[in-house]
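Enquirer: requesting a structural model of the entry that follows:
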Amino acid sequence: MKEKVQSFGRFLSAMVMPNIGAFIAWGLLTALFIEAGWLPNAQLATIVGPMLTYVLPLLIAYTGGKNVGGQRGAVMGAIATIGVICGQPDTTMLMGAMVMGPFAGWVIKKFDEAVKGKVKPGFEMLVDNFSVGIIGLILSIIGFYLISPVMAALLGILAAGTQVLIDNSLLPLVSIFVEPAKVLFLNNAINHGIFTPLGAKQAEELGKSIFYMIETNPGPGTGVLCAYWMWSKDKATKDSAPGALIVHLFGGIHEISFPYILMNPLLLLATIGGSMAAMIYNTIFGLGLTGPAAPGSIIAFTAMAPKGSTFAVLLSAVIAAAVSFAIATPIIKFSDAKGSLEDAQDQMNDMKAASKGQQIEGNVDLSKIDTIVFACDAGMGSSAMGASVLQRKFEGVGVNDIKVEHYSVSEVPAGVRYVVCHQDLVERAKKSAPGARIVTITNFMNAPEYDQIVGEISSARSGVGTPNTAQASVAKASVASDSKVLLKKNIILNRPSTTKEEVIREIGRIMVRDGYATEKYTEAMLKKEEVFNTAIGNNLAVPHGIEEMRSEILGSGLTIFTYPDGVDWGDGNTVKLVVGIASTGNEHIEVLGRIAEVCETEEAVDNILTLGVDEVYDLFKR
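Expert: Numbering: from 1, shown residues only. Prediction:
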């Protein structure tokens, strides 16, 4: 059950969190320019309504559609959701966007799968554009007449239910569920799925919302950390509490307090008590925020206070901290220490990874990790580029003695304790690396999990000695460079849009012509796409052969094609830069690492499309 709720939370937060900045902008507009705002301005206040009615739902729909169906799904989500919005213009359709955006992305994804390989050459762009236009129009009409009234009715029921809680002063009871949910990393499902849309609706009517104050109040965790600072019997825990307090209170990273709570679960009584006390106070005095406080720091919390309420909002956090501290004090002072902070941190890391859909096997001491294996199906393309990106992430924070190596998922070396792989390969990774910590990703180029990996290992090693930079230098220098791997004649730019299959066949013809592979390698690349999509994010694909047909490779070589109008690479992916790979060893790794470095964003890839052959060659061989 917990996994299902966490999965639902990830699904919702993946739509809302990338757009939190837009919610904050809307909240600031409300706080500043409405009639009761800090700087009343009737003209600028006219932005508030359209932004809530149109901009925020369409951003959510666009993101939700993209998460399911790629760029085409994003456009479909926006087209379909405008029908939902206009069907009930007096209702804020944030929840409607959360439903219609992903649904529209799923529809176009299924359409693309149905017509894959059936469109005649030369008609691909016509089919792509008209399919989005026609199907999007149909979904928009369905949204207008069917989805919109249904969502309006559901929102009405939810609004009525919450109003009953408010009218009967029962809203503080929500804290009984919210505080434990935060520690279990279930808060995204509650906060982004319910509180944010309800808060937006209430803020539209009142200029503020109490729902924005429930989960984001830093007070409950502050009280627990202060109690540990004052009364903990464990010196390491006592000494670490002040630093954690600063990060929690001013940085808004509530997760840093979770290990302290997990050390003694009775402390949930303290966070629940603090949150309930603050909510009782908020309810009595009719407090609220103009927009979501993200992250939940005391700075963001008070910055979203309406005009004239800053001190009252600050007092809400103080009350929560004081009550939490009062309850936590006897629990910490008179209880025996059970387990260490490190044990609780390990438990929290496992829970957090599970909440993000990552697979965790075994009990791994992160402070002793010196090798990470990045695994893909064949071990020559996507894993090599992902390993390069992750290696630079470690070097960027001064961790230079961790080697990130790439292997086929079926050839992970024995004894490896940390593996990164695509989510579709996790079962194979478990068999190859039993007992290892396995982190799954979906985007090889800019996966958010990379920062989490670097963060958790850096944190675990904070007490470990100085990194051995010499080891990293030797590892880096061991990669061979071969000028024959990338030839200028194999950089072919500004190709007209075509099918993925034709792109791969053209790569195969070049590989055969230049002696990199046999003719059978083309079929190996096509078979690879049947079992694993080689689009790795940022409009980049790295087609290469399946592991079983490596014998068809005669030498290491790369080809680079650009397609300014894009190529449909399947599974909702549009690709503009294609790097074909054949490799008998590691000769290609230096170039792939450079490609990964310069293709870290979609904007960087778009910039490459404007370059000439010599410039592309120099860029990737630099």
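Enquirer: nearest to the middle of this protein, which residue? Look it up for me.
Expert: residue 448 (5.0 Å; C-alpha atoms, centre = their mean).
Enquirer: low pLDDT regions in the protein?
Expert: Along the chain, segments meeting pLDDT under 70 span 1-10, 184-193, 336-363, 377-382, 443-446, 459, 461-483, 547, 585-593, 622.
Enquirer: which stretches in it count as strands?
Expert: Assigned by DSSP state E, the chain shows strands spanning 371-376, 403-408, 418-422, 437-441, 486-492, 535-537, 540-541, 557-570, 573-582.
Enquirer: wait, which of these is closest to residue 525?
Expert: strand 573-582 (7.5 Å; C-beta to C-beta). In short, each C-beta sits where N, CA and C put it, glycine included.
Enquirer: quick one, helices of the stretch 101-250 of the chain?
Expert: For the stretch 101-250 of the chain, the helices defined by DSSP state H, counting those that start in this stretch occupy 124-142, 148-167, 175-183, 187-190, 196-206, 219-231, 235-246.
Enquirer: between the ones you listed, which one is closest to residue 619.
Expert: Closest approach to residue 619 among the helices of the stretch 101-250 of the chain (C-beta to C-beta): helix 124-142, 28.0 Å.
Enquirer: packing partners of that closest one?
Expert: When contacts are defined as 3 or more C-beta pairs under 8 Å, 6 or more residues apart in numbering; DSSP states H and E, helix 124-142 sits against helix 56-87, helix 94-115, strand 557-570.
Enquirer: show me which positions of that helix end up buried.
Expert: Using 16 or more other C-beta atoms under 10 Å as the test for burial, helix 124-142 gives 124, 127-128, 131-132, 135-136, 139-140, 142.
Enquirer: residue 429 and residue 408: what is the separation?
Expert: 11 Å (C-beta to C-beta, to the nearest Å).
Enquirer: list the residues that contact both of these two?
Expert: Common contacts of residue 429 and residue 408 (C-beta atoms under 8 Å, 6 or more residues apart in numbering): residue 375.
Enquirer: of the two, who's got more company?
Expert: A count of neighbours by other C-beta atoms under 10 Å puts residue 429 above the other of residue 429 and residue 408, at 24 against 18.
Enquirer: grab the nearest non-local neighbour of that one.
Expert: residue 421 (4.7 Å; C-beta to C-beta, 6 or more residues apart in numbering).
Enquirer: from memory the one you found sits against residue 387, does it?
Expert: No. With contacts counted by C-beta atoms under 8 Å, residue 421 stays clear of residue 387, the gap being 11.2 Å.
Enquirer: shared neighbours, these two?
Expert: Shared contacts of residue 421 and residue 387 (C-beta under 8 Å, 6+ apart): residue 374.
Enquirer: residue 199 contacts residue 292, correct?
Expert: Yes. Shown here, residue 199 and residue 292 form a contact pair, counting by C-beta under 8 Å, at 6.8 Å.
Enquirer: overlap of the contact sets of the two?
Expert: Joint contacts of residue 199 and residue 292 (C-beta under 8 Å, 6+ apart) are residue 212.
Enquirer: quick check: domain ranges of this protein?
Expert: Listed by automatic domain parsing, the domain ranges of the chain are 47-168, 171-355, 358-477, 486-621.
Enquirer: re the thing from before, do you know which of the strands of the chain lies nearest residue 97?
Expert: Residue 97 lies closest to strand 573-582 among those, at 22.3 Å (C-beta to C-beta).
Enquirer: ok now that closest one, how far from the chain's centre?
Expert: Computed by C-alpha atoms, centre = their mean, to the nearest Å, the chain-centroid distance of strand 573-582 equals 23 Å.
Enquirer: for that strand, packing partners?
Expert: Other elements packing on strand 573-582 under the criterion 3+ C-beta pairs under 8 Å, 6+ apart are helix 56-87, helix 500-513, strand 540-541, strand 557-570, helix 589-598, helix 602-608.
Enquirer: got a markdown table for the domains of the chain, with distance to residue 37 too?
Expert: Formatted as a markdown table, the domains of the chain follow (distance: least, C-beta to C-beta, whole Å):
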| stretch | distance to residue 37 |
| --- | --- |
| domain 47-168 | 9 |
| domain 171-355 | 6 |
| domain 358-477 | 35 |
| domain 486-621 | 35 |
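Enquirer: what's the burial count for residue 584?
Expert: Counted with other C-beta under 10 Å, the neighbours of residue 584 add up to 15.
Enquirer: what sits against it?
Expert: When contacts are counted by C-beta under 8 Å, 6+ apart, residue 584 is found next to 550, 553-556.
Enquirer: apply 10 Å and report the result again.
Expert: Residue 584 is in contact with 380, 516-517, 550, 553-557, counting by C-beta atoms under 10 Å, 6 or more residues apart in numbering.
Enquirer: and residue 505, by the same measure?
Expert: 498-499, 522-523, 525-526.
Enquirer: columns neighbour count and distance to residue 259 on top of the residues you listed, output as CSV?
Expert: Below are these laid out as CSV (neighbours: other C-beta atoms under 10 Å; distance: C-beta to C-beta, whole Å):
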residue, neighbour count, distance to residue 259
498, 19, 53
499, 17, 51
522, 22, 52
523, 17, 52
525, 26, 47
526, 17, 49
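Enquirer: quick one: which two of those residues are the most distant?
Expert: Spanning the widest gap among the contacts of residue 505 are 498 and 523, at 18.5 Å by C-beta to C-beta.
Enquirer: out of the helices and strands packed on helix 124-142, which is the most enclosed?
Expert: Highest mean neighbour count among these (mean count of other C-beta atoms under 10 Å): helix 56-87, with a mean of 26.
Enquirer: report the angle between that one and strand 557-570.
Expert: Going by axes from the mean of the first three to the mean of the last three C-alpha atoms, to 10 degrees, helix 56-87 is angled at 30 degrees with respect to strand 557-570.
Enquirer: so what secondary structure elements neighbour helix 56-87?
Expert: In terms of contacts (3 or more C-beta pairs under 10 Å, 6 or more residues apart in numbering; DSSP states H and E), helix 56-87 is packed against helix 2-16, helix 20-33, helix 94-115, helix 124-142, helix 148-167, helix 196-206, strand 557-570, strand 573-582.
Enquirer: who's in contact with residue 491?
Expert: By C-beta under 10 Å, 6+ apart, the contact set of residue 491 is 558-562, 611-617, 620.
Enquirer: can we see that at 7 Å?
Expert: Residue 491 is in contact with 560, 613, 616-617, counting by C-beta atoms under 7 Å, 6 or more residues apart in numbering.
Enquirer: also residue 306?
Expert: For residue 306, the contacting residues are 31, 207-208, 290, by C-beta under 7 Å, 6+ apart.
Enquirer: give me phi/psi at it?
Expert: Dihedral pair for residue 306: phi -70, psi 160, per degrees, to the nearest 10.
Enquirer: report how many residues lie close to the closest residue to it other than its chain neighbours.
Expert: Closest residue to residue 306 apart from its sequence neighbours, by C-beta to C-beta, 6+ apart: residue 208 at 4.9 Å. For residue 208, the neighbour count with other C-beta under 10 Å is 26.
Enquirer: I'd say residue 208 and residue 292 touch.
Expert: No. Residue 208 is not in contact with residue 292 according to C-beta atoms under 7 Å; the separation is 11.9 Å.
Enquirer: can you redo the helices and strands packed on strand 573-582 as TSV with distance to residue 214?
Expert: Formatted as TSV, the helices and strands packed on strand 573-582 follow (distance: least, C-beta to C-beta, whole Å):
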stretch	distance to residue 214
helix 56-87	20
helix 500-513	47
strand 540-541	41
strand 557-570	42
helix 589-598	41
helix 602-608	35
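Enquirer: and residue 401, which of these is closest to it?
Expert: With C-beta to C-beta, the closest approach to residue 401 among the helices and strands packed on strand 573-582 belongs to helix 589-598: 18.4 Å.
Enquirer: rewinding a little: helices - which of the contacts of residue 491 land there?
Expert: Of the contacts of residue 491, the ones assigned to helices by DSSP state H are 613, 616-617.
Enquirer: of the residues you listed, closest to residue 160?
Expert: Closest approach between those and residue 160, by C-beta to C-beta: residue 616, at 60.1 Å.
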